[in-house]
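Trainee: Generate coordinates for the sequence data below:
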Amino acid sequence: MNNTLSIGQAWQRCQSRLQPVTRGLDVLAPMGDLLLRLWVAEVFFKSALTKIASFDTTLALFAYEFQVPLLSPTVAAWLGTGVELVFPLLLAIGLTGRFSAFVLFLFNIVAAISYPDL
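Mentor: Numbers count the residues shown, from 1 in each chain. Sure thing, here's the model as predicted:
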């Protein structure tokens, strides 16, 4: 009597044992996506609230510290605050999630280019 398994049989056995694990991960994936979206949204939204709390300081930072290309410091401050207020909310509720994530990604690129100390 030969007790050896072929590679195909071993693979089938492994798949059947791992199937409950993969089903569980499939169920948890949307929750993980939601938690990640909420975490990213929180970071940007808190930054916007900080800018709003002292908008005079925000205007001064955009005028003297950040060098946003092609925009006046006042317009850049308003746009930056607006982006950080609106798009995290859209991302958190899942409305235009990919577009919101892309806008926040571009916002980060502009921030990295505009602020030389980053």
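Trainee: alpha carbons only for contacts and neighbour counts from here, please
Mentor: OK.
Trainee: Past the helix or strand harbouring residue 13, which element shows up next along the chain?
Mentor: Assigned by DSSP states H and E, residue 13 falls within helix 7-53. Downstream of helix 7-53, the first helix or strand assigned by DSSP H and E is helix 55-64.
Trainee: State the mean pLDDT of that next one.
Mentor: Helix 55-64 shows a mean pLDDT of 93.
Trainee: Tell me the buried residues in that helix?
Mentor: Neighbour-count burial for helix 55-64 flags 58, 59, 62, 63 (criterion: 16 or more other CA atoms under 10 Å).
Trainee: Just the closest of the residues you listed to residue 93, please.
Mentor: Checking the buried residues of helix 55-64 against residue 93 with CA to CA, the nearest one is residue 58 at 27.3 Å.
Trainee: What is the neighbour count of the nearest residue to the closest one once chain neighbours are set aside?
Mentor: Among residues not flanking residue 58 along the chain, residue 51 sits closest, at 5.6 Å (CA to CA, 6 or more residues apart in numbering). Counted with other CA atoms under 10 Å, residues neighbouring residue 51 total 20.
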